[in-house]
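J.: Just to be clear, the model below is a prediction. Sequence and coordinates:
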Amino acid sequence: MNRNFWIIALIAFINSLSFTILIPIIYLYGKRFGLSDFQTSLLFSIYSIAQFFATPVIGKLSDRFGRKPLLIISLAGTVIANLLAGTATTAIVLFLARLLDGITGGNASVAQAMISDVTSSENRAQGFGIFGAALSVGFVLGPATSLLAQQISLGAAFLVSGAVALVALLITIFFVPESLQTRAEKAHNIFDLGLGNLIRGLFMPKVGVLLIINFFIGTTFTIFTYAFQPYFINVLSQNNQSLTMMFLLFGVLGVIMQTWGISILKRKFSVVNILFLALFIRSLSFVLMPVLPIVIYFVAVSILFSLFNSLVQPTINTLISLNAKPQDQGTAMGLNASYLSIANGVGPVIAGMLIHQSNPQTYGYPLYLAGTLTFIVLFLAILARKRYTPKVA
């Protein structure tokens with residue numbers, strides 16, 4: 001891996017750190033503004049839905065004008081949005097800040113396209129594995145940083161997140177070279193990647209089926225992620241410190257699997273089979289988690305889940321990259337991020353509708369649902385495997 005790759009990985013880490021600082025506090029911060037559980041789920045959804053519409057446009061713009069300018073715009077939006085959220089005095093301002101962050105939140109897809117630009121097809125799986133590991137390291141340090149920021153206030157966590165994003169912005173401006181070698185032809189309307197093109201993206205040869213699979217994978221995962229925190233705190237009677245340790249555990253195991261684990265598995269299994277294995281363990285873990293409301297049991301299942309769950313997105317990203325044409329890498333990654341964004345918007349709402357605070361038993365319902373749906377996704381992925389299995393995978 002060359003110097004440019006490691007700079008991009010560093011930005012991915014910083015961006016992940018900025019994002020995961022917010023994970024433990026968005027729900028609690030929304031409660032400070034008097035929002036209900038369902039309204040708080042909309043704080044997650046509005047960000048993701050905005051990304052759904054904006055990210056394909058950012059991906060296409062990056063194919064046309066280059067990766068660096070769009071990465072700068074995206075990071076600048078994150079800085080401004082977190083500043084607004086951290087100083088918000090009304091719920092309306094908080095929702096507007098989340099909306100702005102979502103609109104300009106296409107930096108992950110741009111970074112993924114840059115990884116595709118600077119890696120060969122033979123090294124792409126390893127490249128996306130390291131990219132995923134960089135995100136996981138951010139996932140390790142983000143909640144811990146958030147816990148420190150919360151000693152001041154919940155709003156301070158947003159301000160710290162904005163400051164971290166500012167560091168990534170400065171690194172991008174001064175140190176990141178342009179990675180795009182072949183620019184797409186000029187479109188009549190650069191912003192024409194709307195719903196029509198999102199639908200047409202589903203019919204892209206080999207890539208379309210992966211977008212569908214990843215949409216449902218993302219939906220089931222965000223059903224889990226929204227229900228995980230209230231289940232851990234309310235059903236298992238744990239506190240914020242224990243929750244932070246769980247996030248740290250997930251992050252550490254993710255780093256191990258995405259750096260060394262995926263390399264070891266790839267010696268014996270294809271990328272496609274690694275995806276199948278990871279989805280099977282994920283679905284099984286979701287179903288097992290709420291069976292026994294015992295902390296030690298839950299942690300043990302969570303360890304199994306974390307080890308293999310960390311392989312899902314790197315393998316999906318690798319398959320999309322290997323199946324997309326060089327001049328369509330940004331568009332393909334943008335479409336992928338967009339469908340993940342709408343999945344991230346749908347999942348919390350589904351979980352929010354299943355949970356009733358007056359009945360703690362309902363906190364386990366989203367976990368059972370996520371597990372069942374993931375089994376179905378795995379079955380469909382196996383049936384469609386010939387449509388997206390590349391020769392080098």
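T.: Structure received. Quantities reported herein were computed from a predicted structural model and do not represent experimental measurements.

J.: which helices and strands sit right next to the lowest-mean-pLDDT helix or strand in the chain?
T.: Here the helix or strand of the chain ranked lowest by mean pLDDT, DSSP states H and E is helix 195-201, holding a mean of 72. In this structure, helix 195-201 packs against helix 37-65, helix 207-230, helix 329-354, with contacts taken as 3 or more CB pairs under 8 Å, 6 or more residues apart in numbering; DSSP states H and E. To be clear about C-beta, it is placed using only N, CA and C from the backbone, and glycine gets the same treatment.

J.: burial of residue 167, as a residue count?
T.: 17 (other CB atoms under 10 Å).

J.: give the contact list for it.
T.: By CB atoms under 8 Å, 6 or more residues apart in numbering, the contact list for residue 167 reads residue 14.

J.: Dead centre of this protein: give me the residue that sits there.
T.: Centroid check for the chain by CA atoms, centre = their mean gives residue 340 as the closest residue, at 7.5 Å.

J.: Quick check: that residue touching residue 218?
T.: Yes - using CB atoms under 8 Å, residue 340 is in contact with residue 218, at 4.4 Å.

J.: circling back: kindly state the pLDDT recorded for the residue nearest to the centre of the chain?
T.: If you check residue 340, the pLDDT there is 82.

J.: same check, this time on the one 5 residues further on
T.: Per-residue confidence at residue 345 stands at 88 (pLDDT).

J.: swap in residue 281?
T.: For residue 281, the predicted pLDDT is 95.

J.: try residue 393
T.: pLDDT for residue 393: 48.

J.: that older thread, can you say which of the helices and strands packed on helix 195-201 is packed in most?
T.: Mean neighbours per residue, mean count of other CB atoms under 10 Å, is largest over the helices and strands packed on helix 195-201 for helix 329-354, with a mean of 25.

J.: Does anything pack onto that helix? Which helices or strands?
T.: Using 3+ CB pairs under 8 Å, 6+ apart, helix 329-354 sits against helix 37-65, helix 107-118, helix 195-201, helix 207-230, helix 312-323, helix 365-383.

J.: relative to helix 365-383, how tilted is that helix?
T.: Counting by axes from the mean of the first three to the mean of the last three CA atoms, to 10 degrees, helix 329-354 lies at 140 degrees to helix 365-383.

J.: Run the chain-centre distance for the least confident helix or strand of the chain.
T.: The chain centroid and the centroid of helix 195-201 are separated by 21 Å under CA atoms, centre = their mean, to the nearest Å.
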